[in-house]
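>>> how would this look folded up:
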Amino acid sequence: MIERHLTVEGTAWSASIVGRVTPYDKDELSVVFTSRDAQGRTARRISRFSPQGTRSRAQALDELPESDLAMLFRQSQPDWTSPELNYAR
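Below you'll find the model as predicted:
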């Protein structure tokens, strides 16, 4: 599985593709951003994007420019608002 790393406002996050495979799998993908704090608590956020080049899930994330990945993070929502992350709290 492809995992990308980025730093936003001093916090390190990893990004990976999540979610179940649907008939629209190649049209829109879910990206989960995960971070751990010094106490070991996990924070997760989720966003969706439509691949512009390849339709492979892993390659689509790998080919995503760093600036677009940061934009996805800024548009992401907390895990407790997302069915893909089981509305985690």
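>>> OK, contacts around the residue nearest in space to the middle of the chain?
Note on the chain: the residue nearest the mean C-alpha position is Val31, at 2.3 Å, using CA atoms, centre = their mean. Val31 makes contacts with 15-18, 46-49, 61, 72, 76, as judged by CB atoms under 8 Å, 6 or more residues apart in numbering. Every residue, glycine included, has its C-beta placed from N, CA and C.
>>> which parts of stretch 47-61 are buried?
Buried residues in stretch 47-61, counting neighbours by 16 or more other CB atoms under 10 Å, are found at 47, 49, 51, 57, 60-61.
>>> any idea which of the residues you listed is least confident?
Among the buried residues of stretch 47-61, Arg57 has the lowest pLDDT, at 79.
>>> didn't that one look like it was pressed against Ser16?
No - with contact defined as CB atoms under 8 Å, Arg57 and Ser16 do not form a contacting pair (9.8 Å).
>>> now the most far-flung residue of the chain relative to its centre, what's its secondary structure?
Most distant from the centre of the chain: Gln39, at 22.4 Å, with distances by CA atoms, centre = their mean. The three-state label given to Gln39 by DSSP: H, G, I helix; E, B strand; the rest coil is coil.
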